[in-house]
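J.: Model the following, please.
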Amino acid sequence: MKLKKVPTTVGLVFLFLLACSLPTGRSLAQEQSSKAAEPVLWPHDMRYRLQIGDAIEITFRLTPEFNQAVTIQPDGFINLRELPDLRAAGKTTPELTEALKKLYSGILHDPVVTVQLKDFEKPYFIAGGEVGRPGKYDLRGDTTVTQAVQIAGGFKESSRHSQVLLWHRISDEWTEQKLLDVKAMLTSGNLKEDVHLRPGDMIYIPQNTISKIQRFIPSMSIGSYLPR
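T.: Numbers count the residues shown, from 1 in each chain. You can find the predicted model right below:
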């Protein structure tokens with residue numbers, strides 16, 4: 001029986017399409033490397049997370065002799081009665097409650113634990129750079145970046161309104177950074193991109209080009225350079 005010969009052009013096209021459909025070893029390695037380099041970020045939620053210096057009251061309904069008032073130490077841990085220290089900083093009160101139940105179940109039968117936050121650091125934001133009054137401010141209610149700038153004394157003449165930096169911590173290892181053109185927002189009157197601050201956010205207003213150049217001008221009157 002005589003075999004029919006497949007045209008060379010059709011075979012080449014088939015091989016080309018097959019090769020394109022298969023990922024190369026290099027592309028797979030690059031993809032894996034890219035995924036490994038991406039940060040794993042914490043999902044944002046609005047529950048308050050305990051911080052260093054917070055005062056907590058721990059109540060045991062069935063065994064009141066274990067009731068205790070503790071303060072989160074500078075290392076983030078709290079001292080517990082009859083048990084080793086426990087890390088509390090970064091946890092929500094429900095998360096700390098579950099952790100305490102698990103720990104005390106080793107010495108108590110089915111403990112009923114209540115955690116109450118008695119004193120904590122009030123929400124704040126930090127304004128730095130070329131504003132009238134740089135510093136730390138209480139975050140009272142819903143506040144945007146432009147409102148925060150006004151609370152901090154407004155822009156100075158040396159401010160670069162078009163490059164306002166906003167930093168927001170999203171985990172212990174990662175901080176989100178945004179660059180905002182506040183000048184364009186105020187000029188156009190469109191405040192859709194006026195970001196709402198979260199507790200602990202920091203805004204920084206850099207110097208404009210002119211103010212940077214002025215730092216290197218000799219300390220003499222500029223009038224001496226002008227023609228008379």
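J.: and the most centrally placed residue in the chain, backbone torsions?
T.: What sits nearest the mean C-alpha location of the chain, by C-alpha atoms, centre = their mean, is Arg169, with 1.9 Å. Dihedral pair for Arg169: phi -80, psi 130, per degrees, to the nearest 10.
J.: Mind listing the residues bridging to it?
T.: Beta-bridge pairing of Arg169 under DSSP bridges involves Thr175.
J.: who touches it in this structure?
T.: Arg169 makes contact with Thr175, Glu176, Gly200, according to C-beta atoms under 8 Å, 6 or more residues apart in numbering. For glycine as for every other residue, the C-beta is placed from the backbone atoms N, C-alpha and C.
J.: Dump these into CSV; add neighbour count and distance to Met185 as well.
T.: As requested, the contacts of Arg169 are arranged in CSV below (neighbours: other C-beta atoms under 10 Å; distance: C-beta to C-beta, whole Å):
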residue, neighbour count, distance to Met185
Thr175, 11, 23
Glu176, 15, 19
Gly200, 15, 23
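J.: Pick out whichever of those residues sits closest to Leu191.
T.: Of all the contacts of Arg169, Glu176 has the smallest distance to Leu191: 20.4 Å, by C-beta to C-beta.
J.: Could you pull up the residues touching the closest one?
T.: If a contact means C-beta under 8 Å, 6+ apart, then Glu176 has Trp167, His168, Arg169, Ile170 as its contacts.
J.: go with 7 Å
T.: His168, Ile170 (C-beta atoms under 7 Å, 6 or more residues apart in numbering).
J.: For it, give me the pLDDT.
T.: Note for Glu176: predicted pLDDT of 85.
J.: I'd like to know how far it sits from Val164.
T.: Distance check for Glu176 against Val164: by C-beta to C-beta, to the nearest Å, it reads 15 Å.
J.: do Thr143 as well
T.: From Thr143 across to Val164, the span is 14 Å (C-beta to C-beta).
J.: now Phe77
T.: Applying C-beta to C-beta, the value for Phe77 to Val164 is 37 Å.
J.: And Gly129, by the same measure?
T.: 9 Å.
J.: Between these two, which contacts overlap?
T.: Common neighbours of Gly129 and Val164 (C-beta under 7 Å, 6+ apart) are Ile205.
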